[in-house]
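Undergrad: can't give you the sequence, but here's the structure:
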């Protein structure tokens, strides 16, 4: 039993430093985002915690500063369900930061009831994919100027159950919260896959990952039956510290500097679904995302 638990709870250790590096982590006020911020702060990085709930962000900031001994940690408002907030956040970063070495697109919503973002996108595809797609687009020039740099997209093994419905990306013809979540997580990997190809030769690398089945407040929207299942498998789930390890690995490991576009789990390369490597769908999703966000990213 214990050895089986260890398979699900692999940790990663490295003394690599991030002094003079600047890191943005979305959704950094809780869960694996906060643990990632704490770890990277201990490595000497400047940490920008991008959070929607500023009250929770203040509390998380105190934890990260006290836990790391690093005072070069700040919080900034970012609501990924509102393109206005994303643009305002990016404007501040581009104006006030001289470099951005690591962008960690971590924030997300999971199997929530049907809802729409401020811009009319279905909430899960809107926050998990569209919001991070736009944020990356708005910061990409700064990231390129800061090379070598990395972009990390937190996905999920749930992507393997997903399909990209290009004709109804916002689930307006019918909504299944589990399918919508899986679609958004598949979109994360397709985005990473194509982004890596587009960034070849720039010194910017991109990675996607499955953090594991992590005990976080993302579970709050699960139905009673799903909650019961999660309770049964809880001995094999990860806490937030364990769940943050693969994100930290992708952000820090020197061995990944020459690699890009991969999908990782348990701090090692992993196999994603065949749908997640479909170049044609990746390009169509990219084009649709640009159209819906009214941007041109050639």
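TA: Sure, I can see it. From a predicted model like this one, the values you see are computed outputs, not experimental measurements. Numbers count the residues shown, from 1 in each chain.

Undergrad: For the rest of this, base every contact and every neighbour count on C-alpha atoms.
TA: OK.

Undergrad: Distance from the chain centre to the longest helix that the chain contains, please.
TA: As far as residue count goes, and with DSSP state H defining each element, the longest helix of the chain is helix 177-198. Put simply, helix 177-198 sits 11 Å off its chain's centre (C-alpha atoms, centre = their mean, to the nearest Å).

Undergrad: do stretch 111-118 as well
TA: 18 Å.

Undergrad: contacting residues for residue 54?
TA: Residue 54 makes contact with 75, 76, 77, according to C-alpha atoms under 8 Å, 6 or more residues apart in numbering.

Undergrad: quick one: which of the residues you listed sit in strands?
TA: Among the contacts of residue 54, DSSP state E puts 75, 76, 77 in strands.

Undergrad: Next, format the residues you listed as a markdown table and append pLDDT.
TA: Output for the ones in strands among the contacts of residue 54, formatted as a markdown table (pLDDT from 0 to 100):
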| residue | pLDDT |
| --- | --- |
| 75 | 98 |
| 76 | 98 |
| 77 | 98 |
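
Undergrad: Which among those residues count as buried?
TA: Among these, those classed as buried by neighbour count (16 or more other C-alpha atoms under 10 Å) are 75, 76, 77.

Undergrad: Bridged to the last one, which residues?
TA: Under DSSP bridges, the beta-bridge partners of residue 77 are residue 51.

Undergrad: Quick check: it vs residue 91, distance?
TA: Note on residue 77: its distance to residue 91, by C-alpha to C-alpha, to the nearest Å, is 12 Å.

Undergrad: dump the residue contacts of the residue lying closest to residue 293 once chain neighbours are set aside.
TA: Nearest residue to residue 293, sequence neighbours excluded (C-alpha to C-alpha, 6 or more residues apart in numbering): residue 134, at 7.3 Å. With contact taken as C-alpha under 8 Å, 6+ apart, residue 134 is in contact with 83, 86, 293.

Undergrad: do the same with residue 283
TA: Counting by C-alpha under 8 Å, 6+ apart, residue 283 touches residue 194.

Undergrad: same thing with residue 14?
TA: Under the criterion of C-alpha under 8 Å, 6+ apart, the contact partners of residue 14 comprise residue 253.
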